[in-house]
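**Student:** What would the 3D arrangement of this be:
(2 chains)
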There are 2 protein chains.
Amino acid sequence: MSATRMSVLNPISYKHVDFPQGFWKQRQELNHSVTLKAEYEQLEKTGRVASLSHQWKEGDWYKPHHYWDSDIAKWIEAAAYVLGKQEDRDIEEKVDNLVDLMCSRQMEDGYFNTYFSTVGKGKRWTNVYVMHELYCAGHLIEAAVAYYEATGKEAFLSMMRRYTDHILTIFGPEEGKIHGYPGHEEIELALVKLYRVTNHRPYLELAAYFINGRGTQPHFFEREAVGRGEDPDKNPLRDILNRNYLSEGHYASYQAHKPVREQTEAVGHAVRAMYLYTAMADVAGELGDESLLQACRNLWKNVTKARMSITGGVGTLEFGERFTFDYDLPNESVYNETCASIGLIFWAHRMLQIEKDSVYADVMEQTLYNGVISGISLTGDHFFYSNHLACQPELYTHNVSRNPRLLPERQSWFEVSCCPPNLARLTASLGQYLYSTTEEDLYVHLYTANTVKNSIGGKAFELKTTTNYPWDGKVNFSFVSDEPISFTLYARIPAWCKQPRVSINKKPYTFTDKDLVKGYLPIERTWKSGDELDLDLPMGVRYIQAHPAVRHNTGRVAVARGPMMYCFEEVDNGKRLQDVVLNTHANAEVVWKDDLLGGVQVIKLKGASRSLSQWEDVLYQEVEPEWEERSLTAIPYFTWSNRALGEMIVWIRNT
Amino acid sequence: MSATRMSVLNPISYKHVDFPQGFWKQRQELNHSVTLKAEYEQLEKTGRVASLSHQWKEGDWYKPHHYWDSDIAKWIEAAAYVLGKQEDRDIEEKVDNLVDLMCSRQMEDGYFNTYFSTVGKGKRWTNVYVMHELYCAGHLIEAAVAYYEATGKEAFLSMMRRYTDHILTIFGPEEGKIHGYPGHEEIELALVKLYRVTNHRPYLELAAYFINGRGTQPHFFEREAVGRGEDPDKNPLRDILNRNYLSEGHYASYQAHKPVREQTEAVGHAVRAMYLYTAMADVAGELGDESLLQACRNLWKNVTKARMSITGGVGTLEFGERFTFDYDLPNESVYNETCASIGLIFWAHRMLQIEKDSVYADVMEQTLYNGVISGISLTGDHFFYSNHLACQPELYTHNVSRNPRLLPERQSWFEVSCCPPNLARLTASLGQYLYSTTEEDLYVHLYTANTVKNSIGGKAFELKTTTNYPWDGKVNFSFVSDEPISFTLYARIPAWCKQPRVSINKKPYTFTDKDLVKGYLPIERTWKSGDELDLDLPMGVRYIQAHPAVRHNTGRVAVARGPMMYCFEEVDNGKRLQDVVLNTHANAEVVWKDDLLGGVQVIKLKGASRSLSQWEDVLYQEVEPEWEERSLTAIPYFTWSNRALGEMIVWIRNT
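**Tutor:** Numbers count the residues shown, from 1 in each chain, chains lettered A, B, ... in the order given. This is a model prediction of the structure:
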């Protein structure tokens, strides 16, 4: 533990970033006024709030689940980010009440878990493989840190420090402690947050301990099972979830099939994977652990080069909510859990600070504007758990399990409802993903209308961004400071942008690709009040192909503009979308629709499909097809399923 | 029951048809020498034979299943067809032993069922919805009829007449009898067979009774559940299997959601559907029931115009082994149970006799040479339960249920092993599908090397077919009879054949499409010994499209030649088959490979796929593709998965 922290970027806190107008102002307001309230109602309605009293008895109208604390925690964390930016007595009161309740139920020894204080009484720390005990602790820690940072109130943070100190007496390398780690990763990244706010190094060390022990032999999940008096060979979860990973060794579903530094393929439950990889990057950065960082790079490459949908969705298979194999990215059936995409943003954000490379910001942006915000309705109160890339509505009438995670329309809540509050906390904290600083650099990762107030080299500045991004690529920055400041502004040139133009104080600033540093254009100057920087990132309509091994997308393209992926819905384009051939050589018209889907740029395109007139009462035939022209309208992917149930495709034939 | 039998064709029995050489000689010999023996060993090994003793006790090495009698029955039926054509002491002894055993275990009242005499003792006729009791009886009846017709031995037939007479006392419209029908249809078609061999009309009437009652209200499955003291609303099978059919009403999985005459869409379990529709056609023909026949026509149209794979596979979904919705015909995941395709042949054959229309013979041939015989390995001892139209091997490592019905390689047996003996009985009885007669007509439905001996208008003849069909479209018939016979030979002109040529005694016989009668060319003449008829049915390589609503096959074609569908395997063509674009304008070379896959015509084709050189470490990009030429080899679909595990596709991109 004597290693030195890597030289990493420091993200500017969301507290210093305002969204006075534009895309994120609209979404944050909806998040505040609708989503948070709707989710709190669900927390109450489903018994999650009531359960915190720890008064549950068999026969009550609710029964605590072992993951319920995490839903409460994520909601508090989201509320904290809202309160960090503005007053809201009602929300603050709700949080304080929840915190009071939890504090009053904390055990003498610091322990706090609703499930194990009620339904699972007496079984503490006997099954961290399955029971989400450390996972819930992790989310509570994150919430406590966020609430402390937002309001300065210490009660929740103190409670969670006490609980974490208790956990430190339970887990660790010392004799008499459990030499283990959670089945559902999450606490690792939370411990790093707690370390950063407290500067108490044992928290960081425990995070590293959990990560470093993962997948080592003799295997903890087996040792733990023996401790419960079970035969690990008869562990049904091992059998079922890991059956397809036998060649990888057991426990790949939990990224625990081998030590993390030996892992080069993203396997298993996608949300767990993302949270683990996020923490690995955190710990690697804090401890200067190059081999751990290299594992992150290897896994990043595998995910982003072979196992990620073009929307930033990850985790192909519904069974086990997990990764499958390289290039297995179907459209109708792909799982792409909203939480997994949110986790990908976390991971990308951590890697970005360490690697200072725009590839991470590119994926962060791609995921944010597509696979993440597709998870929530434009009304702010309905959610997708899985984010499919194509929809044939009749299919869902044969979804015999009626799994609400697999429906073609967003739902108001889920029994396992991790995604809705995860969306709320990401949206409310969005400001933190835009900028990073060092002593003499300012990095701009994401472009959107906002104003940031911060300092660099000890000197305060304000930077105002005026733009209609993501709908338009023109971005104006105006700089304000009391005194001139010499620093380098690193402006990300998105990978999707082929001909960026830059001007400073309205004078063209010429540069070539060679001037870019890992995808960022460094502009070194003495910045003074009134300085203006203009980026012009032309948003042409792009037709993107997938790797030839992505077998579902051969002969197809995805339509994109700027950071947005587009899709085609039946309500605009009629039926049989899978038969439509897009004419990529025809003119694509980009049209702003103020009254459509909350205001979107639609793309008007031309295509053709086979005429049905040749197909009356014929299923198969040799025929020279007759083609019918079709006028097509593509809408941003994230806005699909906000009007009517119907067909949808992202990948459209282009030949 | 006073209706008159429709004027139907009479199939010539398999007993009058020999295969002295060619495709079916090879397959029947393998069926006899390998398949029948291998299956008998499995019947013994799994306890199915032992269970017939009815000596089972809890703790024995086997435990009778409620469908086991049907596996025994189908094997006996297959053995009977073999014995109907040649002596085989060993097989006949095996059958006689099985029959002796069964006769000795028949109850006083005629009842015979192994499950209900052991595991399910005391529960006779309490759950014909689920328990396959009538289904097993049906298969035993079919076997008894076949064994009697093959050998003239009466013991088994007598036993099954006694059992059926018992069933007549249990089911029927009279007061005190069960007013019901089986959950798994099969006995209906068996009862018609028993009626035809005995001319005992109550058997036919019971078949009609089962069919006519199906789906009527108050619903039998609910009445039966009440009789067991159950709440039908809590019937788990109703809930699970029918959940997706709620709009259709419950019990669509069993084709019992409404009266059969009101059914216009093929729904539910595909094998049950096929057996039911077969019996409906049988009964319609026997009773001259036009409304029942019209229901068959409606269902036939739905199946063949919207719900059938190009291989003749039916039943899209693994869950419930059932039909889904129109045009839902995926390739990788399609279920297409071998038994369902066999059932489709049964149904087509019945419809053909009544309608005398080649559309039925076309589907019969298409299904036979593709979706049926794909079910068995070239070694004769491994079987597919489901017949996919594309294979990506890595997918199956994520077949977490390890369902052997869903594997990419044939298996030697299955726990539910209906398909293997079904293949054996179809193969052994293949002769019966070739010809039909009336008093003055001879219909030739299928072409293959064979000799048929029969009579027409009381006059004996022999017709010898010399051909390499299905590998070649030249078919020579030579006629032998003691005296000239005037009759019309109806020669089927396959729908796939665009330029058929016919000659009689080497002189061209010209005709146009207008001369065809429902797809058959009628050749009316006085046939005399030495007459020769030659058909030339050119087998060009065809590129077939699917209906534009078949969303998995847009932009793709299936390659066919004659009755054979072709496919592309990795072992011949390399990987990434889904990216290959076939050049349908290049020359297709048909090459006979004597040493490949038991002797097949392969098709050599040209295509191209995207070069991987542009795709190193790239998952998505805008790019003008570089193409690499690929030399392609297509093999008959039924021969896939006989060499190595690998990719396979039927539908190949053509644009």
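**Student:** Can you list the residue ranges for helices in the stretch 101-250 of chain A?
**Tutor:** Assignment of helices within the stretch 101-250 of chain A using DSSP state H, counting those that start in this stretch yields the ranges A:133-151, A:155-170, A:187-198, A:201-213, A:220-227, A:236-242.
**Student:** out of the ones you listed, nearest to chain B?
**Tutor:** helix A:236-242 (6.7 Å; Cβ to the nearest Cβ). Where you see a C-beta, it was placed from the backbone N, CA and C, and this is true even at glycine.
**Student:** ok, back up a step: got a markdown table for the helices of the stretch 101-250 of chain A, with distance to chain B, mean neighbour count and mean pLDDT too?
**Tutor:** Output for the helices of the stretch 101-250 of chain A, formatted as a markdown table (distance: least, Cβ to the nearest Cβ, whole Å; neighbours: other Cβ atoms under 10 Å in any protein chain shown; pLDDT from 0 to 100):
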| stretch | distance to chain B | mean neighbour count | mean pLDDT |
| --- | --- | --- | --- |
| helix A:133-151 | 23 | 26 | 98 |
| helix A:155-170 | 33 | 20 | 98 |
| helix A:187-198 | 26 | 24 | 98 |
| helix A:201-213 | 27 | 21 | 98 |
| helix A:220-227 | 18 | 19 | 92 |
| helix A:236-242 | 7 | 16 | 59 |
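**Student:** I'd like these as JSON lines, with distance to A:Thr438 appended.
**Tutor:** Output for those, formatted as JSON lines (distance: least, Cβ to Cβ, whole Å):
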{"stretch": "helix A:133-151", "distance to A:Thr438": "21"}
{"stretch": "helix A:155-170", "distance to A:Thr438": "28"}
{"stretch": "helix A:187-198", "distance to A:Thr438": "17"}
{"stretch": "helix A:201-213", "distance to A:Thr438": "21"}
{"stretch": "helix A:220-227", "distance to A:Thr438": "39"}
{"stretch": "helix A:236-242", "distance to A:Thr438": "43"}
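**Student:** Would you enumerate the residues in contact with A:Arg643?
**Tutor:** A:Glu569, A:Val571, A:Leu597 (Cβ atoms under 8 Å, 6 or more residues apart in numbering or on different chains).
**Student:** Mind checking which of the residues you listed are buried?
**Tutor:** Those of the contacts of A:Arg643 that meet the buried threshold are A:Glu569, A:Val571, by 16 or more other Cβ atoms under 10 Å in any protein chain shown.
**Student:** mind checking how far A:Ala644 is from chain B?
**Tutor:** As judged by Cβ to the nearest Cβ, to the nearest Å, A:Ala644 and chain B stand 18 Å apart.
**Student:** So that residue sits against A:Glu409, correct?
**Tutor:** No: at 9.4 Å, A:Ala644 does not count as touching A:Glu409 under the criterion of Cβ atoms under 8 Å.
**Student:** From the contacts of A:Arg643, which land in strands?
**Tutor:** A:Glu569 (DSSP state E).
**Student:** how about the contacts of A:Arg643 in a markdown table, adding pLDDT and distance to chain B?
**Tutor:** Shown next, in a markdown table, are the contacts of A:Arg643 (pLDDT from 0 to 100; distance: Cβ to the nearest Cβ, whole Å):
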| residue | pLDDT | distance to chain B |
| --- | --- | --- |
| A:Glu569 | 98 | 15 |
| A:Val571 | 98 | 18 |
| A:Leu597 | 98 | 24 |
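**Student:** Would you mind measuring from whatever residue of the stretch 51-200 of chain A ends up closest to chain B to A:Thr169?
**Tutor:** Here the stretch 51-200 of chain A gets closest to chain B at one residue, A:Val130, 17.5 Å apart by Cβ to the nearest Cβ. Using Cβ to Cβ, to the nearest Å, we find A:Val130 at a distance of 22 Å from A:Thr169.
**Student:** same check, this time on A:Val192
**Tutor:** 20 Å.
**Student:** Give me the next element, helix or strand, following the helix or strand bottoming out on mean pLDDT in chain A.
**Tutor:** Least confident element among the helices and strands of chain A, by mean pLDDT, DSSP states H and E: helix A:236-242 (a mean of 59). Using DSSP states H and E, the helix or strand that follows helix A:236-242 towards the C-terminus is helix A:270-287.
**Student:** thinking again about what came up before, so between A:Ala644 and A:Glu409, which is more surrounded?
**Tutor:** Set side by side, A:Ala644 and A:Glu409 show more neighbours around A:Glu409, with 15 against 10, by other Cβ atoms under 10 Å in any protein chain shown.
**Student:** gap between stretch A:101-112 and the chain center?
**Tutor:** Relative to its parent chain, stretch A:101-112 has a centroid offset of 30 Å by Cα atoms, centre = their mean, to the nearest Å.
**Student:** hmm, I was thinking of stretch A:453-471
**Tutor:** Worked out by Cα atoms, centre = their mean, stretch A:453-471 lies 24 Å from the chain centre.
**Student:** What is the end-to-end distance of that stretch?
**Tutor:** For stretch A:453-471, the first-to-last residue distance is 24 Å (Cα to Cα, to the nearest Å).
**Student:** what does stretch A:371-380 give?
**Tutor:** 16 Å.
**Student:** Please apply the same query to stretch A:477-484.
**Tutor:** Start-to-end, stretch A:477-484 (Cα to Cα) is 16 Å.
**Student:** What is the distance between that stretch and the centre of its chain?
**Tutor:** 33 Å.
**Student:** quick one: buried residues of it?
**Tutor:** Neighbour-count burial for stretch A:477-484 [16+ other Cβ under 10 Å]: A:Phe477, A:Ser478, A:Phe479, A:Val480, A:Ser481.
**Student:** Assign the first one to one of the three secondary structure states.
**Tutor:** In other words, A:Phe477. Of the three states, A:Phe477 takes strand under DSSP: H, G, I helix; E, B strand; the rest coil.
**Student:** Helix or strand: which one has the residue nearest the centre of chain A?
**Tutor:** Nearest to the mean C-alpha position of chain A, counting by Cα atoms, centre = their mean, stands A:Ile342 at 0.8 Å. Assigned by DSSP H and E, A:Ile342 belongs to helix A:338-355.
**Student:** Now that helix: average pLDDT?
**Tutor:** Average pLDDT, helix A:338-355: 98.
**Student:** returning to what we had before: show me the one of the helices of the stretch 101-250 of chain A that comes nearest B:Val623.
**Tutor:** Closest of those to B:Val623 is helix A:187-198, at 36.5 Å (criterion: Cβ to Cβ).
**Student:** what's the angle from the closest one to helix A:338-355?
**Tutor:** 50 degrees (axes from the mean of the first three to the mean of the last three Cα atoms, to 10 degrees).
**Student:** What is helix A:187-198 packed up against?
**Tutor:** Secondary-structure packing of helix A:187-198 (3 or more Cβ pairs under 8 Å, 6 or more residues apart in numbering or on different chains; DSSP states H and E): helix A:133-151, helix A:155-170, helix A:201-213, helix A:270-287.
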